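S.K.: Structure for the following, please:
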Amino acid sequence: MRYRDITNPNIFDRRILLPLKDTIRLGRKAPNKSGITKRCTHKSNELCDFCSHPETLPYFVVPDKLKEKLGDKPTKLNIMLPKDDLLEVFPKSLSWYGLIGKKCEGNGQEAQYYDEKTRDWVKKTCPCEQLKTDENPKGQCQIHATFYFFLYEITMGGVFRIVMSSPRSINNILNGLELHRDILNRFSLIPLTLLREPTEITYEDDTGRHTRTIYPLKISSDLSLERMAELRASNKEMLLLAGRKQICLPEPADNKEAIEPEIVADEEEGNNTKSASLVTPKSITPLPTAPEVKVTNMQAKKIFALCNVLKLDGNKRKQLMKSLYETDTTKTLTMTTASDFIQRLQDCSDGAATLRYMPDGLPYVEYPPAQETQETDDKKDPEDIPF
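M.R.: Modelled structure (predicted):
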């Protein structure tokens, strides 16, 4: 008798690895105005970290071999996702890249840091002092997300990827995928469109208020009601195919050269820094606890805007912050206390709470007393989705 297969998965675990076809970029390396520096060791027609910076473009930068079918400067891509697992098709992490490769990667609670002295990976608290923020613009760590997809009009024999660091683009993609999953119970193997959508934003800096156009990513589709019904009818077999555990996607890039041109400008604040958000100091030793994170510019602007709506002047705002958080300046708030303060102001604006004043003029936020709700047995079933 001759055996022709190994049936013990502990000895041989069969996996289907979808090959990575290529990387589609969101920008390019642009030369600095200062040109080549003394630290540059390359030829005059090349660029490095010392003489260049990442520049966002309003279109997808596709490989030359795809330009015949996609065009030179495409602003939309027809895609499909290979699996229905967000953690696999859209992995995200806080990453710090050195000149050679990845030095640290974390999830916002803990991280693995490469110790150059011991030449080994060690665990540390995340976030740490290297995270890039408005207060710490020289930080080396920021969010990175890798999006894997089929270009189904070109090939289904492998996936393409886009690496991004824009919170706006990441949220747009997550919202688009979750919307399709809520409607169709899946987002895998469905024809979708990935767009660079022009969006006008307004931001403020030391020179005043400015407006500019950014081009974040967005997921869209043009599915009719009949087509949605057909897709829902095929859910059983499609989810079985897309959910097969042995189908594996490539690992996110560890090489800095593979991800650098994808780092886009800070779309939230309007500057050209490689953004994320959180802390300050300079040492890179493991921290016993996570440092307090300072209030961000976005939170400060939200506080001022809500105070204007509530007609809360500067002195009253300081008195209210002092009574709540023992500080009377917005800059000394942390992200946690700022979020709490924003929520209280928002509740007053929405009518969920009331902004009142004591006899001496000290403001305070009053919430209505909690009321017991009576549960009824007459719970109506949710309406059926018509497709």
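S.K.: can we go C-alpha only for contacts and neighbour counts from here?
M.R.: Will do.
S.K.: so after the one helix or strand in the chain whose mean pLDDT sits lowest, what's the next helix or strand?
M.R.: Counting by mean pLDDT, DSSP states H and E, the weakest-scoring helix or strand in the chain turns out to be helix 256-259, with a mean of 53. On the C-terminal side of helix 256-259, the closest following helix or strand by DSSP states H and E is helix 297-309.
S.K.: so what secondary structure elements neighbour whichever helix or strand comes after that next one?
M.R.: Once helix 297-309 ends, the next helix or strand along the chain (criterion: DSSP H and E) is helix 314-325. Under the contact definition 3 or more Cα pairs under 8 Å, 6 or more residues apart in numbering; DSSP states H and E, helix 314-325 sits against strand 363-366.
S.K.: Who are the packing partners of the strand it packs on?
M.R.: helix 314-325, strand 354-357.
S.K.: Kindly export that strand (C-alpha atoms) in PDB.
M.R.: Below are the C-alpha coordinates for strand 363-366, written out as PDB (Å, rounded to 0.1, in the frame of the first residue of the first chain):
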ATOM      1  CA  PRO A 363     -20.400  77.700  35.900                       C
ATOM      2  CA  TYR A 364     -21.300  74.000  36.200                       C
ATOM      3  CA  VAL A 365     -22.900  71.300  34.100                       C
ATOM      4  CA  GLU A 366     -26.100  69.800  35.500                       C
END
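S.K.: List the contacts of that strand.
M.R.: If you take Cα atoms under 8 Å, 6 or more residues apart in numbering as the criterion, strand 363-366 is touched by 316, 319-320, 344, 348, 353-358.
S.K.: rewinding a little: possible to save the helices and strands packed on strand 363-366 as TSV with mean pLDDT?
M.R.: Listed next are those as TSV, based on pLDDT from 0 to 100:
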stretch	mean pLDDT
helix 314-325	87
strand 354-357	87
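S.K.: Let me have those in JSON lines, adding mean neighbour count and distance to Ala145 as columns.
M.R.: JSON lines is the format used below for those (neighbours: other Cα atoms under 10 Å; distance: least, Cα to Cα, whole Å):
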{"stretch": "helix 314-325", "mean neighbour count": "16", "distance to Ala145": "35"}
{"stretch": "strand 354-357", "mean neighbour count": "15", "distance to Ala145": "41"}
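S.K.: And Ser221, what's its pLDDT?
M.R.: As predicted, Ser221 sits at a pLDDT of 90.
S.K.: Asn175 versus that one, what's the distance?
M.R.: Distance, Ser221 to Asn175, using Cα to Cα, to the nearest Å: 13 Å.
S.K.: Break the chain into its domains for me.
M.R.: 16-262, 297-366 (automatic domain parsing).
S.K.: show me where pLDDT drops low in this protein?
M.R.: Under the criterion pLDDT under 70, the flagged ranges of the chain are 1, 9-10, 12-14, 49, 99-100, 235-246, 253-293, 369-387.
S.K.: Okay, buried residues for the lengthiest helix in it please.
M.R.: The longest helix of the chain (DSSP state H) is helix 167-184. Neighbour counts over helix 167-184 (16 or more other Cα atoms under 10 Å) mark 167, 169-170, 172-173, 176-180, 184 as buried.
S.K.: re the thing from before, got the helices and strands packed on strand 363-366 as a markdown table, with distance to Arg15 columns?
M.R.: Output for the helices and strands packed on strand 363-366, formatted as a markdown table (distance: least, Cα to Cα, whole Å):
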| stretch | distance to Arg15 |
| --- | --- |
| helix 314-325 | 54 |
| strand 354-357 | 59 |
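S.K.: I'd like to know how many residues surround the nearest residue to Pro31 once chain neighbours are set aside.
M.R.: Nearest in space to Pro31, with sequence neighbours left out and distances taken as Cα to Cα, 6 or more residues apart in numbering, is Ser52 at 4.2 Å. The number of residues packed near Ser52 is 18, by other Cα atoms under 10 Å.
S.K.: What of the one 5 residues further on?
M.R.: Neighbour count for Leu57, taken as other Cα under 10 Å: 18.
S.K.: Double-check it against Leu26; I have them as touching.
M.R.: Yes. Leu57 lies in contact with Leu26 (Cα atoms under 8 Å); the separation is 6.2 Å.
S.K.: What residues does Lys218 make contact with?
M.R.: Contacts of Lys218 by Cα under 8 Å, 6+ apart are 169, 172-173, 176, 194-197.
S.K.: rerun that using 10 Å as the cut-off
M.R.: By Cα atoms under 10 Å, 6 or more residues apart in numbering, the residues touching Lys218 are 76, 168-177, 193-197.
S.K.: still on that earlier bit, how about the domains of the chain in a markdown table, adding distance to Asn8?
M.R.: Formatted as a markdown table, those follow (distance: least, Cα to Cα, whole Å):
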| stretch | distance to Asn8 |
| --- | --- |
| domain 16-262 | 15 |
| domain 297-366 | 51 |
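S.K.: what sits up against whatever helix or strand Arg344 lives in?
M.R.: Secondary structure assignment for Arg344, by DSSP H and E: helix 335-350. Residues external to helix 335-350 that are found in contact with it (Cα under 10 Å, 6+ apart): 278, 292-296, 299-300, 302-307, 309-310, 312, 320-321, 324-325, 330-334, 351-356, 365-367.
S.K.: Using ChimeraX, define a selection of the buried residues within those residues.
M.R.: In ChimeraX, this line selects whichever of the contacts of helix 335-350 come out buried by 16+ other Cα under 10 Å:
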select :278,293,294,295,296,299,300,302,303,304,306,307,312,320,321,330,333,334,353,354,355
